[in-house]
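[1] Predicted model follows, preceded by the sequence.
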Amino acid sequence: MKAPRHNIMTSTETIGFELSQGALRARRNAKWNQYGPDVLPAFVADMDFSVAAPIQAAIERIVRDRDYGYPLRNGERADRLVARVFAERMKSRYGWELSPDLVLPMADLVQGTCASILAFSDPGDGVVLQTPNYPPFRDAINSVGRRLLALPMRDDGTRHVFDMTELEKLVDRQTRIFLLCNPQNPTGRVFSRDELTALGQFAVERDLIVVSDEIHSDLVYPGHQHIPFASLGPEFAARTVTLTSATKSFNIPGLRCALIAFGTEDLRNRFHKRIPSKLTGSANIAGADATVAAWSECQPWLDAVMQHLLTARNRVRDVLAAEAPEIRFHAPEGTYLAWLDCSKLGLSTSAFQFFLDHARIGFSAGETFDPDCTQFVRLNFATSMPILDDILARMIGATRQNNR
């Protein structure tokens, strides 16, 4: 039985998605309403784009029909349809075969992170986390009484990498989980097969569960390839819990639909021994229908967005290299996020505060990703070229003024 089809997209040639600053400021979202009208927001991981037509059609159908009851889609529960479409997408894009029965849809990915930590560790156990990191990961570990074991992503001159020797020294007998983020937020790394295989072998040797957040997996640039950790082989899949969602790639975070994919039935059963299914809940009907539309009908939209993001990423790289070389960063291999090192600017405040005060730009503060990263900011470049050019011009103006 196929997923419902709405407004089928077949070509990237006529797909428009860029929104003007006026249209964005008229919206009621957090990104464009947190600051005053003189500040350009470049922080939270929302894209400044309109959604794909099939997603819009799926939501409009619910509203048009006033169809707000318990959902059944062509005889199938909505959450099981999400699970099936996800499994089909993983097979077609990555050759990763998994049963939809091992997929657990839920409302929120951070919920899935917390639940997985609770399920596969005990209070006081260690959880390895690559740093800098998406801030809710740190909160998830600390809030449930686990020990955060920080594994630094170090700049080797060309990219950010983690050191297996450091990992070996970091892990003790009471370490239970490696919390992987791939593609990595905020550095934008897309880990290679060799890197992931080395990590998987280590996890087997030390009997670690790998909780792998792969929410940015669709947002990978040419020359790099996303590899689902659980697809590396049965031995690794047997200890992998994958977390993902369509929300980042297809720009629907407010619709609240995510999932956990267990590598084996045994992992799923271990999870539910501690986390009853009634605690995880399920996605709402709009989120479920939008996710199914995204994964089954909207690839041409995403392809067009990726072309735009590649141009935007390269614009940031080239402009900063030419006009503000003190701001250093490695072009991300994936995501629409740039991790900017501003330490050469010699600022007397945090980089976040400097750009907010002197350029009227709202970045993500580096210290929220790592307390030691006060001289970093994270730039979200998923916006229109006019807005991105304005952000870059403001950055250059502020840095030049600072150098006087």
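    Received the coordinates, thanks. Residues are numbered from 1 along each chain as shown.
[2] Wait, residue 186 touches residue 334, no?
    No. Residue 186 is beyond contact range of residue 334, at 11.5 Å (criterion: CB atoms under 8 Å). C-beta here means a position set from N, CA and C on the backbone, and glycine is covered the same way.
[3] Okay, helices next: where are they in the chain?
    Here the chain has its helices, by DSSP state H, at 21-25, 53-64, 78-94, 109-120, 135-143, 164-170, 193-206, 234-237, 265-274, 277-280, 285-297, 299-323, 351-358, 385-403.
[4] what helices or strands is the third one leaning on?
    Judged by 3 or more CB pairs under 8 Å, 6 or more residues apart in numbering; DSSP states H and E, helix 78-94 is in contact with strand 103-106, strand 258-262, helix 285-297.
[5] Including distance to residue 134, mean pLDDT and mean neighbour count, could those go into TSV?
    Shown next, in TSV, are the helices and strands packed on helix 78-94 (distance: least, CB to CB, whole Å; pLDDT from 0 to 100; neighbours: other CB atoms under 10 Å):
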stretch	distance to residue 134	mean pLDDT	mean neighbour count
strand 103-106	18	97	24
strand 258-262	14	98	25
helix 285-297	20	97	25
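[6] didn't residue 270 look like it was pressed against residue 119?
    Yes. Using CB under 8 Å, residue 270 is in contact with residue 119, at 6.6 Å.
[7] In terms of neighbours, single out the busier of these two.
    Higher neighbour count among residue 270 and residue 119: residue 119, with 19 against 16, using other CB atoms under 10 Å.
[8] could you list every residue that touches that one?
    By CB atoms under 8 Å, 6 or more residues apart in numbering, residue 119 lies in contact with 270-271, 273-275.
[9] gap between it and residue 109?
    Going from residue 119 to residue 109 by CB to CB, to the nearest Å gives 15 Å.
[10] What of residue 222?
    26 Å.
[11] still on that earlier bit, higher neighbour count, residue 186 and residue 334?
    Neighbours per residue, other CB under 10 Å: of residue 186 and residue 334, the larger number sits with residue 186, 30 against 24.
[12] tell me the domain ranges of this protein?
    21-46+299-403, 64-297 (automatic domain parsing).
[13] can you put the ones you listed in a markdown table and add distance to residue 52?
    Output for the domains of the chain, formatted as a markdown table (distance: least, CB to CB, whole Å):
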| stretch | distance to residue 52 |
| --- | --- |
| domain 21-46+299-403 | 4 |
| domain 64-297 | 7 |
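[14] Low-confidence stretches in the stretch 251-400 of the chain?
    Applying pLDDT under 70 to the stretch 251-400 of the chain flags no residue at all.
[15] need the contact list for residue 39.
    356, 360-362.
[16] For PyMOL, what selects the buried ones among those residues?
    A single PyMOL command selects the buried members of these (16 or more other CB atoms under 10 Å):
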select buried, resi 356+360+361+362
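[17] and the contacts of residue 39, which two are the farthest apart?
    Greatest spacing in the contacts of residue 39, by CB to CB: 360 and 362 (8.1 Å).
[18] what is in contact with these two at once?
    39-40.
[19] next one: phi and psi at the nearest residue to residue 159 once chain neighbours are set aside?
    Spatially, and ignoring its direct neighbours in sequence, residue 159 is nearest to residue 330 (5.2 Å; CB to CB, 6 or more residues apart in numbering). In terms of degrees, to the nearest 10, the main-chain angles of residue 330 are phi -100, psi 130.
[20] In TSV, list the helices of the chain along with distance to residue 101.
    As requested, the helices of the chain are arranged in TSV below (distance: least, CB to CB, whole Å):
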stretch	distance to residue 101
helix 21-25	41
helix 53-64	25
helix 78-94	8
helix 109-120	17
helix 135-143	26
helix 164-170	33
helix 193-206	23
helix 234-237	14
helix 265-274	8
helix 277-280	13
helix 285-297	17
helix 299-323	25
helix 351-358	45
helix 385-403	43
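[21] hang on, the earlier thing: in a markdown table, list the contacts of residue 119 along with distance to residue 214.
    Shown next, in a markdown table, are the contacts of residue 119 (distance: CB to CB, whole Å):
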| residue | distance to residue 214 |
| --- | --- |
| 270 | 20 |
| 271 | 17 |
| 273 | 25 |
| 274 | 23 |
| 275 | 20 |
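[22] out of those residues, which are buried?
    For the contacts of residue 119, buried by 16+ other CB under 10 Å: 270-271, 275.
[23] now, which of those residues sits nearest residue 158?
    residue 271 (38.2 Å).
[24] Tell me the spacing between the closest one and residue 189.
    Distance from residue 271 to residue 189, by CB to CB: 28 Å.
[25] what does residue 46 give?
    On the measure of CB to CB, residue 46 and residue 189 end up 22 Å apart.
[26] what number of residues lie near residue 79?
    The burial count for residue 79: 20, using other CB under 10 Å.
[27] for residue 195, same thing?
    Neighbours of residue 195 under the rule other CB under 10 Å: 16.
[28] and it, what does it touch?
    Contacts of residue 195 by CB under 8 Å, 6+ apart are 161-162.
[29] most tightly surrounded among the helices of the chain?
    Mean neighbour count (mean count of other CB atoms under 10 Å) peaks for helix 285-297 among the helices of the chain, with a mean of 25.
[30] got the contact list for residue 100?
    80, 83-84, 86-87.
[31] Now do residue 167 against residue 206, distance only.
    Taking CB to CB as the measure, residue 167 falls 9 Å from residue 206.
[32] let me fix that: residue 131
    In terms of CB to CB, residue 131 sits 19 Å off from residue 206.
[33] again, but for residue 117
    Between residue 117 and residue 206 the distance is 17 Å, computed by CB to CB.
[34] again with residue 15
    Distance of residue 15 to residue 206, given as CB to CB: 46 Å.
[35] Then residue 268?
    22 Å.
[36] Please apply the same query to residue 260.
    22 Å.
[37] for residue 52, same thing?
    Taking CB to CB, one finds residue 52 at 42 Å from residue 206.
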